[in-house]
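Novice: Mind folding the following:
(one chain, ligands or ions: 1)
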Amino acid sequence: MTASPSLFSPIKIRDLTITNRVVISPMCQYSAGDGMANDWHLVHLGKFAQGGAGIVFTEAAAVQRRGRITHGDLGIWSDAHGQALAATTAFIRSMGSTSAIQLAHAGRKASMQRPWHGNGPLNNDDRERGEEPWSVIAPSSEPLGEGWLLPSQMSRADIVQVIDDFAAAAARSHAAGFDIVEVHAAHGYLAASFLSPVSNHRQDEYGGNRLGRSRMLMEMVEAVRAAWPEEKPLFVRVSAVDGAPDGWSIEDTVLLAKDLKQIGVDVIDCSSGGILGAATAAKGSPPPLGFQVPFATAVKEQADLMTQAVGLILTPEQAEEIVAQGRADLIAIGREALFNPNWPVHAAQALGADSDWARWPKQYGWWLSRRAKVLESIAEKKST
Ligand SMILES: Cc1cc2nc3c(=O)[nH]c(=O)nc-3n(C[C@H](O)[C@H](O)[C@H](O)COP(=O)(O)O)c2cc1C
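Specialist: Okay, here's the model as predicted:
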């Protein structure tokens, strides 16, 4: 008999029904050419859809060229960039999965090296590779840390331009066939750096108290919502806590989530950290399993909207427990999906939700059901 675990129950958000709760988290591939998606992105994202994920997220896609983290980041700052993603969304849909795009601007964390080139600010070695540094922008003219680029403080015109570019990117995402848009407001990138008192020292209406620091994100989300079809879901990824002294707190996140709900946000995707360097505000090394789940639970319970949990969610049983106990609505996996792109279909089997291989692409399922019988008879013979 087939079981009905919560992880594999469908969920309806606006007019969209998602077949299960497993989400492939946004993961930069540093493999685009001037922001353009290529075969790598189609195959990389396509295999997660084949693997049975309910939602497949692209990596952070930059809404401005200077909003890329590295030279290899995906972009969506022109119509051609959007069109380059259309084959990927079509393939994801053909697998019964849902395509999602994360719209981003890296702010003062732009102009970085790819991880395998050092993960620091671009320097002369990178120049030799033809990868020039570029000038970066931020709410205040303060670098991420010592040795990092000094950003220029954004003018009001810069702010309006970024907001317009997020809206234009949302419209392009719709044209490319995406079903979900997520605004990236986590990990110390531009929107997060406006939210945080650690990085925003503006004296105008985009700084100051929590509401002032939230203004840029609120205006950005309003613009995206207006450019994004009413029937399609809108997510926002936040760093629920900075994990830095006197930084953004979970109480701030709950208040922000309530405001975001009022302007049409459907899901808060709860990550953490990144305001002064690497993402995740994990305490201790290594962080405990599911260390960010309590943020998703706090937002869900206190702001009364759907949440996505992410961060060291490793096993089907762990993921199932989170959804079954109502601690989050969606479970995002990152590195586990890189390790095993078939994680969702394996999880379905482990939880008893796929006794007949029906969740696998038919091109595989038919053969694998027979393979299973062969393996069973080999095991039987061995035991007699
Ligand atoms: C290769 C890689 C690239 C990532 N790129 C992004 C990104 O583009 N946007 C984002 O919000 N998070 C990004 N992250 C963070 C993941 O989405 C996720 O939150 C994090 O890896 C924790 O989940 P995990 O423990 O399941 O890997 C990235 C993580 C990895 C491993």
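Novice: need the contact list for the single nearest residue of the stretch 201-350 of the chain relative to the ligand.
Specialist: Closest to the ligand within the stretch 201-350 of the chain is G334: 2.8 Å, counting by Cβ to the nearest ligand atom. The way it works is simple: take the backbone N, C-alpha and C, and place the C-beta from them, glycine included. Contact analysis of G334 by Cβ atoms under 8 Å, 6 or more residues apart in numbering lists 24-25, 27, 310.
Novice: if you set the cut-off to 7 Å instead, what comes out?
Specialist: Listed by Cβ atoms under 7 Å, 6 or more residues apart in numbering, the contact partners of G334 are 25, 27, 310.
Novice: Report the separation between the last one and E336.
Specialist: With the distance defined as Cβ to Cβ, to the nearest Å, V310 ends up 11 Å from E336.
Novice: thinking again about what came up before, mind pulling up the pLDDT for the residue of the stretch 201-350 of the chain closest to the ligand?
Specialist: pLDDT for G334: 98.
Novice: what's the spacing between it and D39?
Specialist: Separation of G334 from D39 (Cβ to Cβ) stands at 22 Å.
Novice: circling back to that earlier point, could you check which of V310 and E336 has the larger neighbour count?
Specialist: V310 (27 against 17; other Cβ atoms under 10 Å).
Novice: Which residue, neighbours along the chain excluded, lies closest to that one?
Specialist: Using Cβ to Cβ, 6 or more residues apart in numbering and skipping the chain neighbours, the partner closest in space to V310 is A332 (3.9 Å).
Novice: next one: H184
Specialist: Excluding its sequence neighbours, the residue lying closest to H184 (Cβ to Cβ, 6+ apart) is A104, at 3.8 Å.
Novice: Could you tell me how many residues sit around that neighbour?
Specialist: A104 has 33 nearby residues by other Cβ under 10 Å.
Novice: Look up how far the ligand lies from it.
Specialist: Distance of A104 to the ligand, computed by Cβ to the nearest ligand atom, to the nearest Å: 7 Å.
Novice: what's the answer for K47, then?
Specialist: Plainly put, K47 is 15 Å away from the ligand if you go by Cβ to the nearest ligand atom.
Novice: Would you verify that that residue is located in a helix?
Specialist: Yes. According to DSSP: H, G, I helix; E, B strand; the rest coil, K47 belongs to a helix.
Novice: That one contacts P341, correct?
Specialist: Yes. In terms of Cβ atoms under 7 Å, K47 counts as a neighbour of P341; the distance is 4.5 Å.
Novice: out of the two, which sits in the more crowded spot?
Specialist: Ranked by neighbour count (other Cβ under 10 Å), K47 and P341 place P341 first, with 21 against 17.
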